[in-house]
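1. Structure of the sequence below:
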Amino acid sequence: MNNNYKDLLVGFIVGIFTSLLGSYLFITFFTQFDFLTGMKAMREYGYLGKIITIGTMLDLAVFAILLKRNKEFMARGVILAVIVLAISTIII
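-> Purely as a prediction, here's the structure:
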């Protein structure tokens, strides 16, 4: 496997985990729920896509850090993760 594809995959995984971290932080700090109960409640209320979108805001910082360190393919992976999450929010 080419090194560029590995960097792309690592960036994608980092982007997904960063979005999950952002969603976790939003639910724990700005709601009265814990994470799993909050995810279930937000899904019932129809806000799960919005929570995922808010969690994706941390990907912007990760993207900027990767570009500053000249990790362009990892930054592309983060953008790919954002695109996948955006499509999933449309489906949800």
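2. Quick check: end-to-end length of stretch 26-44?
-> Criterion Cα to Cα, to the nearest Å; first-to-last residue distance in stretch 26-44 is 17 Å.
3. Tell me the buried residues in it?
-> 26-27, 38-39, 42 (16 or more other Cβ atoms under 10 Å). Heads up, the C-betas are built off the backbone N, CA and C, glycines and all.
4. what's the spacing between it and its chain's center?
-> 16 Å (Cα atoms, centre = their mean, to the nearest Å).
5. Give me the mean pLDDT for it.
-> Here stretch 26-44 scores 90 as its mean pLDDT.
6. Show residues contacting that stretch.
-> Applying Cβ atoms under 8 Å, 6 or more residues apart in numbering, the contact partners of stretch 26-44 are 23-24, 48, 50-51, 54-55, 92.
7. Among the residues you listed, find me the one that's closest to Asp7.
-> Gly55 (22.9 Å; Cβ to Cβ).
8. any idea how far that closest one lies from Met74?
-> Distance, Gly55 to Met74, by Cβ to Cβ, to the nearest Å: 19 Å.
9. quick revisit: any of the contacts of stretch 26-44 buried? List them.
-> For the contacts of stretch 26-44, buried by 16+ other Cβ under 10 Å: 23-24, 48, 51, 54-55.
10. Looking at the residues you listed, which are in helices?
-> Assignment to helices by DSSP state H places the following of the buried ones among the contacts of stretch 26-44 there: 23-24, 48, 51, 54-55.
11. Same list (these) but as a markdown table, adding distance to Val62.
-> Shown next, in a markdown table, are these (distance: Cβ to Cβ, whole Å):
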| residue | distance to Val62 |
| --- | --- |
| Ser23 | 14 |
| Tyr24 | 15 |
| Leu48 | 22 |
| Ile51 | 18 |
| Ile54 | 15 |
| Gly55 | 12 |
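12. These: which two are farthest apart?
-> Tyr24 and Leu48, at 13.4 Å, using Cβ to Cβ across these.
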